[in-house]
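Peer 1: Here you go, sequence then predicted model.
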Amino acid sequence: GEDVEQSLFLSVREGDSSVINCTYTDSSSTYLYWYKQEPGAGLQLLTYIFSNMDMKQDQRLTVLLNKKDKHLSLRIADTQTGDSAIYFCAEKQGNTGKLIFGQGTTLQVKP
Amino acid sequence: NAGVTQTPKFQVLKTGQSMTLQCAQDMNHNSMYWYRQDPGMGLRLIYYSASEGTTDKGEVPNGYNVSRLNKREFSLRLESAAPSQTSVYFCASGLAGDNEQFFGPGTRLTVL
């Protein structure tokens, strides 16, 4: 079945770049997403990429997609303490909008 | 706009008790979803409703029932709660085919 995998934890220093990685198995996925969850809150969409793109940049965020390897990454430039959160990768299935989520990567930003 | 609202925010149940989690959205979205979030497992889809009057099972539907009461409201019912249902439950909504699901703040449920 479909599966999305992420590493569970990443720690960086404030001002450094963070790179969060994700692998997925469904080659027919049309969209891939990055969601952010702050403590005690719901998920908030950060950015998404269409499967025929290989890169998308949005201010401090850069998404890279390698379709051949089914690998997705999220780079956060100049990471701030406010970026500390759990980041979820997700892939979209068909027209139902059903999302398959990874386990989430906890990003810890040290001052 | 309140977005997606969920009630209650917290709940403690004893094994075997029943309860209904409520979800409402004011964004005129067609699709609504219920997920559960467990440590190290991400979010797993319990049930979804692609449009008013329809519901379908997701990845982990056992032990749950849902009702799409109208376009705004989508409730999740636990008929006989079990400790394995201790989790954080999120409701989400979106336009069919759209790229974003909007999430509620979650309900933290503990079953003793």
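Peer 2: Ah, there it is.

Peer 1: what are the phi and psi values for the nearest residue to residue A:17 once chain neighbours are set aside?
Peer 2: Of all residues not flanking residue A:17 in the chain, residue A:77 sits nearest, at 5.4 Å (C-beta to C-beta, 6 or more residues apart in numbering or on different chains). Where C-beta positions appear, they are placed from N, C-alpha and C, glycine not excepted. Residue A:77 has phi and psi values of phi -80, psi 150 when expressed as degrees, to the nearest 10.

Peer 1: Quick check: residue A:77 vs residue A:16, distance?
Peer 2: Using C-beta to C-beta, to the nearest Å, residue A:77 is found at 9 Å from residue A:16.

Peer 1: Check whether the helix-or-strand element of chain A with minimal mean pLDDT comes near chain B.
Peer 2: Ranking every helix and strand in chain A by mean pLDDT, DSSP states H and E puts strand A:98-101 at the bottom, with a mean of 87. Yes: residues of strand A:98-101 contacting chain B under C-beta under 8 Å from any C-beta of the partner chain: A:98-99, A:101.

Peer 1: Which strands border that strand, and is each parallel or antiparallel?
Peer 2: Here strand A:98-101 has these sheet partners by DSSP bridges: strand A:85-93 (antiparallel).

Peer 1: re earlier: can I get the residues of strand A:98-101 next to chain B in JSON lines with neighbour count?
Peer 2: Formatted as JSON lines, those follow (neighbours: other C-beta atoms under 10 Å in any protein chain shown):
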{"residue": "A:98", "neighbour count": "20"}
{"residue": "A:99", "neighbour count": "26"}
{"residue": "A:101", "neighbour count": "21"}
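
Peer 1: Nearest to residue B:15 among the residues you listed?
Peer 2: Ranked by distance to residue B:15 (C-beta to C-beta), these are led by residue A:101 at 27.9 Å.

Peer 1: OK, contacts around the closest residue to chain A within chain B?
Peer 2: Chain A sits closest to residue B:103 of chain B, with a gap of 3.6 Å, by C-beta to the nearest C-beta. For residue B:103, the contact set (C-beta atoms under 8 Å, 6 or more residues apart in numbering or on different chains) comprises A:42-44, B:4, B:90-92.

Peer 1: On the strand side of things, show who it bridges to.
Peer 2: residue B:92.

Peer 1: ok, for the residue in chain A positioned nearest to chain B, nearest residue in space, not its chain neighbours?
Peer 2: In chain A, the residue that lies nearest chain B is residue A:42 (3.6 Å; C-beta to the nearest C-beta). Of all residues not flanking residue A:42 in the chain, residue B:103 sits nearest, at 3.6 Å (C-beta to C-beta, 6+ apart).

Peer 1: same deal with residue A:19?
Peer 2: Per C-beta to C-beta, 6+ apart, closest to residue A:19 is residue A:75, 5.0 Å.

Peer 1: Let me see the confidence value for residue A:86.
Peer 2: Looking at residue A:86, its pLDDT reads 95.

Peer 1: picking that back up, need the residues of strand A:98-101 next to chain B in CSV (columns: distance to residue A:92).
Peer 2: Shown next, in CSV, are the residues of strand A:98-101 next to chain B (distance: C-beta to C-beta, whole Å):
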residue, distance to residue A:92
A:98, 7
A:99, 6
A:101, 11
